[in-house]
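[1] Quick one, fold the following:
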Amino acid sequence: MAQYEVPTPSTLLLRMVGPERAAAALRMLDECLPAAVAPTAGDFRVATLSDVSSDTSMAPLAACVVHHQLIEPAAWIARFAVSLPFRRRGLGRRLLAELSRALQAEGAQRLWIRASDKHPAVHALLAGTGFVVCTADPIGEFPAGLRASEDDPEAAWWVREL
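    As a prediction, this is how the structure comes out:
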């Protein structure tokens, strides 16, 4: 496979791993989102979309940091990115769709994400995958210490019912 060739859809795999096994994915997220605050709560997983033949030491095509406890009704995406060479190919949409199915199987009923108004492409992706802007702050949805960074006053909460 060429360096920036996207694998055929049937060879892409969603993996959910703990932070100790996600160094390559976390590096990719840092490269794509250099100003983003790294997750501090210890209870998170990293969801990656990568080729089935790759291992967790290779950077994924797309990744996100997910907070969710089994059977809890709410899940939260703290960071989300598609690797630069693979953007505009439907991989973000696929990651959100597969992640939503996996979280629903774990008992989640809602998936939350906070997105800045500075990125209209992100808003289009979220709207196209079933997310809607939430006018109320979801303060009661998450355990203490598991809130998104409040450093961007232009960011809005988006929610998707699963």
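
[2] what number of residues lie near residue 160?
    The tally of other residues near residue 160 (other Cβ atoms under 10 Å) stands at 20. From N, CA and C alone the C-beta is placed, and that goes for glycine too.

[3] What does the closest residue to residue 70 other than its chain neighbours show for phi and psi?
    Excluding the flanking residues, the one nearest residue 70 by Cβ to Cβ, 6 or more residues apart in numbering is residue 106, at 5.3 Å. The phi/psi pair for residue 106 (degrees, to the nearest 10) reads phi -90, psi 0.

[4] What's the separation between residue 106 and residue 95?
    Noted for residue 106: a distance of 16 Å to residue 95, by Cβ to Cβ, to the nearest Å.

[5] what about these two, which has more around it?
    The residue with more neighbours, out of residue 106 and residue 95, is residue 95; 25 against 15, by other Cβ under 10 Å.

[6] where does the more buried one land in three-state SS?
    helix (DSSP: H, G, I helix; E, B strand; the rest coil).

[7] about what we covered before: right, and the residue nearest to residue 70 touches residue 68 too?
    Yes: counting by Cβ atoms under 8 Å, residue 106 does reach residue 68; the two are 6.4 Å apart.

[8] Which strand or helix spans the residue nearest the centre of the chain?
    Nearest to the mean C-alpha position of the chain, counting by Cα atoms, centre = their mean, stands residue 64 at 3.0 Å. Using DSSP states H and E, residue 64 falls within strand 62-67.

[9] who does the next helix or strand after that strand pair up with?
    Once strand 62-67 ends, the next helix or strand along the chain (criterion: DSSP H and E) is strand 74-82. Using DSSP bridges, strand 74-82 pairs in its sheet with strand 62-67 (antiparallel), strand 110-116 (parallel).

[10] secondary structure class for the closest residue to residue 52 other than its chain neighbours?
    Leaving out its chain neighbours, the residue that sits closest to residue 52 by Cβ to Cβ, 6+ apart is residue 13, at 4.5 Å. Using three-state DSSP, the secondary structure recorded for residue 13 is strand.

[11] List the buried residues of stretch 120-139.
    Under the neighbour-count criterion of 16 or more other Cβ atoms under 10 Å, stretch 120-139 has 122, 123, 125, 126, 129, 131, 134, 138 buried.

[12] of the residues you listed, closest to residue 47?
    Of all these, the one sitting nearest residue 47 is residue 129; the distance, using Cβ to Cβ, is 14.2 Å.

[13] hang on, the earlier thing: chain center to the strand holding residue 64: distance?
    With Cα atoms, centre = their mean, to the nearest Å as the basis, strand 62-67 stands 3 Å off its chain's centre.
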